[in-house]
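> Have a look; sequence and predicted model below, questions after that.
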Amino acid sequence: MTSKQIQTIRTRDDLFRMISQIRQKRSTIGFVPTMGALHEGHLSLVRESKQQCDFTVVSIFVNPTQFSPDEDLDQYPRPLDNDLQLLQQEGVDLVFLPDNQELYPADCSTSIKPPLVAGKLEGESRPTHFAGVATVVLKLLNLTQCDIAYFGQKDYQQVKVVQHLVRDLNHPSKIVMCPIARAEDGLALSSRNIYLSAEERQIATCLNRTLQETMQMIAEGETDGRAIMAHMTQALIEGGVTETDYAVIADAESLEFLEQVSRPAVLLVAAMVGETRLIDNCLIT
Ligand code: PAF
């Protein structure tokens, strides 16, 4: 028996038509925005949407505006057939596959100035990144008219940017953050992990180890933010990373650095392992 082909839509007009039909049935729409190269992390978001909503839409679009010229836009993995097969197995109702022209027509000049929380951490290393993310996410939320959009905690700052964006612009979609999916050795799943050599893959486990050790240190009574940051930076260097970008303890909402631990907080790390930039985080509640 051959299983039914998953439904894909490539244009905004077709998507609008399809979504109006779903809306007429008063079905709830769940949405998972992705750039493809899907892994268990993405699939866990899909499962959450399938549990909570009547109709699940996934988008696959490698958004050029969130890459700076020196980043990996051209090399970004695009295993579309495999992605569609995975989504079909999960029972996704619709996949939106726009091309650049569809989301950024030639005369399209409007973009989003991202909320304040975008300016720190990732925003310092990648100054144009969150404007690109905020712009494309708002376009996709508008197009899918979703009740709930699902984002992974691995990109914690991205989730905060999107939550503040919908709050500030009174967008009706609810933004849900789902837990980080990890490999057995603790490495946070990421589409960019495929860039790691076998040796780098081993080194990369030190990001999660550093977070776990630091959580333990805090559980045992450490409250000094600077001591915590120094410990994390040292642990990453000893773990073999090529360069540490940041290793901080921050307020979980504003992402302001905490001199003294207060709750809820978040530990956030970003480091280069060889040529690959990895991020990870852990919430302290
Ligand atoms: O997290 C991602 O994959 C991307 O930043 C997103 C949210 C799909 C926007 O392009």
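Noted; the coordinates are in hand.

> Which one of the residues in the stretch 151-285 of the chain is closest to the ligand?
Closest approach between the stretch 151-285 of the chain and the ligand, counting by Cβ to the nearest ligand atom: D155, at 5.2 Å. All C-beta spots, glycine's among them, are computed from the backbone N, C-alpha and C.

> so that residue touches I279, yeah?
Yes - here D155 reaches I279: they are 7.2 Å apart, a contact under Cβ atoms under 8 Å.

> Around the ligand, which positions in the stretch 151-285 of the chain sit nearby?
155, 158 (Cβ under 6 Å from any ligand atom).

> Just give me the neighbour total for the closest residue to I112 other than its chain neighbours.
Closest residue in space to I112, ignoring its immediate chain neighbours: A134 at 4.0 Å, by Cβ to Cβ, 6 or more residues apart in numbering. For A134, the count of nearby residues is 25 (other Cβ atoms under 10 Å).

> Give me the secondary structure label for A134.
The three-state assignment at A134 reads helix, by DSSP: H, G, I helix; E, B strand; the rest coil.

> go on, the one 4 residues further on?
Applying three-state DSSP to L138 yields a three-state assignment of helix.

> Can you show me the strands along the stretch 101-250 of the chain?
148-152, 174-178, 243-251 (DSSP state E, counting those that start in this stretch).

> how about the second one: buried residues?
Right, strand 174-178. Across strand 174-178, burial judged by 16 or more other Cβ atoms under 10 Å covers 175-178.

> Equivalent analysis for stretch 46-54, please.
Those would be 46-50, 53, for stretch 46-54 by 16+ other Cβ under 10 Å.

> next one: stretch 109-116
Buried residues in stretch 109-116 (16+ other Cβ under 10 Å): 111-112, 114-115.

> possible to save those residues as a markdown table with pLDDT and distance to L15?
Putting the buried residues of stretch 109-116 into a markdown table (pLDDT from 0 to 100; distance: Cβ to Cβ, whole Å) gives the following:
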| residue | pLDDT | distance to L15 |
| --- | --- | --- |
| S111 | 97 | 21 |
| I112 | 98 | 20 |
| P114 | 98 | 24 |
| P115 | 98 | 26 |
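
> which stretches of the stretch 51-200 of the chain form helices?
Using DSSP state H, counting those that start in this stretch, the helices of the stretch 51-200 of the chain run over residues 80-89, 100-103, 122-125, 129-144, 156-168, 198-219.
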